[in-house]
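>>> structural data only, the sequence is not supplied:
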């Protein structure tokens, strides 16, 4: 097995270059002073070029081919067999991308990120527009280089959710729209059944920090192998299974931001902290796709964190921490408040019923931009029109509209649908865990999360990237991905809440 | 000049890999959770190996040789001529180190750092000893690979202070001992002329933070191109001229720690922030040697920060910030307190008169260990005996003794003498600035530092690594390095303070 070992050594170098770049990326968003931007861009360009060159070198292909030939008899579920499958997939994908294009994309997106942060702060779409154009141009080059059969977008989504097709996403999204838009309208006429104003009272930032940290720790995020910091846009990143970091943002007059943001990122992070010992430190560690990743963050955020059971345990603690803000609010009212459905402008703070609409808008705009039906100049108007059409509200400015997300500045086009795919997959995963351990809801109501975490660890986390997303999903749930379980969950939870 | 441009591109990649490793190193000391250690070691090993391989490749040598031939007519002071001189020096040095040795040193020192931090916290020299042995073994291999004529240590010190010889250091150190040990004894009999107890009162950490930041900013450290954090051992590191960071540590009952530590690190950082625009982002940016670096940190810390003039301006501010602690202390008493001479166990908090003794002890022990006159087992006893002999005090434990410094865990053996070389050079540099601008002391007394900073910027900082340390020193001061100006400065300042 000499070629396999040589291949592994080479892949570990590539992996370490990527993890190094991740450290630089985390630092850029959490710590870097403005003067560092141009130097950081150059550093990331070098790391990206070197890792791409090393991975796509002919020698990697030769070693891979020889290792594949010699490993035909390996057990399908073994780490080595999985490694070869994953590397084959990644290698075929990566060798289609020319090194200069990868380096240029890294350089431009590093600068575009700074431009976006400033443009967003100043509500200045014009300042971001040339960067968005550059990113779109490069994205089209990426799609052409990767290749696709039906839609440009197929090439892009495949980078984040291997195997997923634009047509499938579009069909799932039509099913969601057909049920969720009428549901949003029906709820609008029952809006006073939940009052969210309590969440906009004054919540001391230090106490929010303390509570967020406590919840993250108790649901199972391991702080000896991670940390919680502040950034403009919350995210999770990892530098090996032993160092998986999350960020959040605290707002004094909007409790859900940090609270559910932290649970959400903890879900991502627990997935990555859970890679099995035999794959930790190798390219198999981490998450297998963004959709699966999001299914974990949403499972913890929504199915656990926004459940009645969860607050049965935590509400007394929260109320003791914020006696002034919560004095006249009982547990049921609080539960209704955090599950209040109200079309809003900001995706990351949207409720479960409206969330997918935010994603669908971005998915449709991305496709319109890429397929030439929409210009960068007209994008803000298109954005605002869709918000009116699907959610019945219009952004008053671009800061609350098209400038709100970090993704496009980072070249992550084709990424957004994975959020909704994550929503859709979170419900069957949770249902399966409860089917195996019917006590899970009662345990959650006692503040115990070990059984659920253990089941996720055993069935999902420990495999890291060993199985492709659709393969993993079907392996665990026995079914292909569909919109129905999620819509059933929404119907039941919000039917009860809003008496639909 | 095609080969020169190709060479520059290659060198920029090497430089970016090193700066990336510096980001990972900063993060390791400031932010990393314990679980990250083994992964971080692997990442640093990869970055170190790749940059070493890229730099020492035969192709680099070929490009360098061709560029040298084609550049014979370049102006000596041009960036390109300086680049070729610096690269030739570094290339000859680096090609003598085998890649596996460099990688092994990086791997071992990354783990040794963690072991040291734990051993120091637990006062457990036995736990650090095997790591020290490993580091020493590797250091001997480094010295053999680099080569030396007289002393093993020549090869090591040359890495940090190019061109410096062990025999020269030993001679300078004997001159220092001859004057400073008697001076320390003479002061001991006059000790009550300065009372340092005021510095051990209660100083609120947040206010210390505020004052340290204010002083750093006002002397000229640019926070838009840097930041100030907390770490176990204060340090300065840079990721390009636009992002030069410092750390400090705050102690509630020991004011000088953060106060002078911050000024010291600001001195290092201003040097690196001052690289001229034409060399920023290239391998010529940064400092030319650790000795020159230390001359800048010590100049700001001692010749500025511990002067009467400085406190004429800052004492009212400090007293207003800490009215309780400083109520019964006038400016003269405070000046005497911060310049009180008292043999202590901790190098980084030693006064100007005793500081060099700490260095001399380390220099002598390093040479004794390397040349086989001392075993790792006996090193703590040797350490303690020298403290008794030169300073008249004995460490009560190894935490306050041989475990206090980070350097050996990082493989930085040969590094310590540069601290004293920096002390020796700081005085002629400052004298030269005052000779050119006699108003500097009066400006300092008004809290104005622009003239001094401008002179340092013009004469030292902007050159980055363009000139070798001895060359730069003689260019600026017109003389070779000697012990006399520093001893004259000590004699005058402390003669007055202690009525010697």
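Here it is on my side, so go on. All values derive from a computational prediction rather than experimental measurement. Numbers count the residues shown, from 1 in each chain, chains lettered A, B, ... in the order given.

>>> what segments of the stretch 201-350 of chain A are strands?
Ranges of strands within the stretch 201-350 of chain A are A:228-230, A:236-238, A:244-248, based on DSSP state E, counting those that start in this stretch.

>>> make a markdown table out of these and add distance to chain B and mean neighbour count.
For glycine as for every other residue, the C-beta is placed from the backbone atoms N, C-alpha and C. As requested, those are exported to a markdown table (distance: least, CB to the nearest CB, whole Å; neighbours: other CB atoms under 10 Å in any protein chain shown):
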| stretch | distance to chain B | mean neighbour count |
| --- | --- | --- |
| strand A:228-230 | 8 | 17 |
| strand A:236-238 | 9 | 23 |
| strand A:244-248 | 8 | 26 |
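
>>> in TSV: the ones you listed, plus distance to residue A:296 and mean pLDDT.
Converted to TSV, the strands of the stretch 201-350 of chain A look like this (distance: least, CB to CB, whole Å; pLDDT from 0 to 100):
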stretch	distance to residue A:296	mean pLDDT
strand A:228-230	17	96
strand A:236-238	10	97
strand A:244-248	12	97
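
>>> residue B:57 is nearest to which of the ones you listed?
Comparing those by their distance to residue B:57 (CB to CB), the top pick is strand A:236-238, with 31.7 Å.

>>> of the strands of the stretch 201-350 of chain A, which is nearest residue A:407?
Closest to residue A:407 of these is strand A:236-238 (CB to CB; 14.5 Å).

>>> which outside residues touch the closest one?
Outside of strand A:236-238, the residues within contact range by CB atoms under 8 Å, 6 or more residues apart in numbering or on different chains are A:19, A:22, A:25-26, A:244-247, A:265, A:268-269, A:272, A:286, A:297.

>>> over to stretch A:353-365?
When contacts are defined by CB under 8 Å, 6+ apart, stretch A:353-365 is touched by residues A:169-170, A:173, A:176-177, A:180-181, A:183-184, A:187, A:341-344, A:347, A:350, A:374, A:379, A:382-383, A:386-387, A:390-391, A:405, A:416-417, A:419-420, A:423, A:490, A:494.

>>> let me see the domain layout of chain A.
Domain ranges of chain A: A:2-144, A:166-498, per automatic domain parsing.

>>> will you turn those domains into CSV that also has distance to residue B:277?
Formatted as CSV, those follow (distance: least, CB to CB, whole Å):
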stretch, distance to residue B:277
domain A:2-144, 12
domain A:166-498, 27
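
>>> of all those domains, which one is nearest residue B:401?
domain A:166-498 (29.7 Å).

>>> that closest one spans what distance, first to last residue?
For domain A:166-498, the first-to-last residue distance is 33 Å (CA to CA, to the nearest Å).

>>> any idea how far it is from the chain center?
Remark: domain A:166-498 is offset 8 Å from the chain centroid, using CA atoms, centre = their mean, to the nearest Å.

>>> which ones are touching the nearest residue to residue A:326 once chain neighbours are set aside?
Excluding the flanking residues, the one nearest residue A:326 by CB to CB, 6 or more residues apart in numbering or on different chains is residue A:319, at 4.5 Å. With contacts taken as CB under 8 Å, 6+ apart, residue A:319 has the following neighbours: A:326-327, A:329.

>>> ok, so of these, who is nearest chain B?
residue A:326 (29.3 Å; CB to the nearest CB).

>>> for that closest one, give its distance to residue A:201.
According to CB to CB, to the nearest Å, residue A:326 stands 8 Å off from residue A:201.

>>> neighbour count: these two, which is higher?
For residue A:326 against residue A:201, the residue with the higher neighbour count under other CB atoms under 10 Å in any protein chain shown is residue A:326, and the figures read 20 against 15.

>>> quick one: list the elements packing against the helix or strand of chain A with the lowest mean pLDDT.
Of all helical and strand segments in chain A, the minimum by mean pLDDT, DSSP states H and E falls on helix A:99-121, at a mean of 91. Counting by 3 or more CB pairs under 8 Å, 6 or more residues apart in numbering or on different chains; DSSP states H and E, the packing neighbours recorded for helix A:99-121 are helix A:37-56, helix A:125-146.

>>> which parts of the first one are buried?
Using 16 or more other CB atoms under 10 Å in any protein chain shown as the test for burial, helix A:37-56 gives A:37-52, A:54-56.

>>> what of stretch A:232-241?
The neighbour-count criterion (16+ other CB under 10 Å) identifies A:233-241 as the buried residues of stretch A:232-241.

>>> pLDDT score for residue A:58?
At residue A:58, the pLDDT value in this model is 96.

>>> number of residues surrounding it?
Residues near residue A:58, counting by other CB under 10 Å, number 8.

>>> doesn't residue A:480 belong to a strand?
No. Counting by DSSP: H, G, I helix; E, B strand; the rest coil, residue A:480 is not part of a strand but coil.
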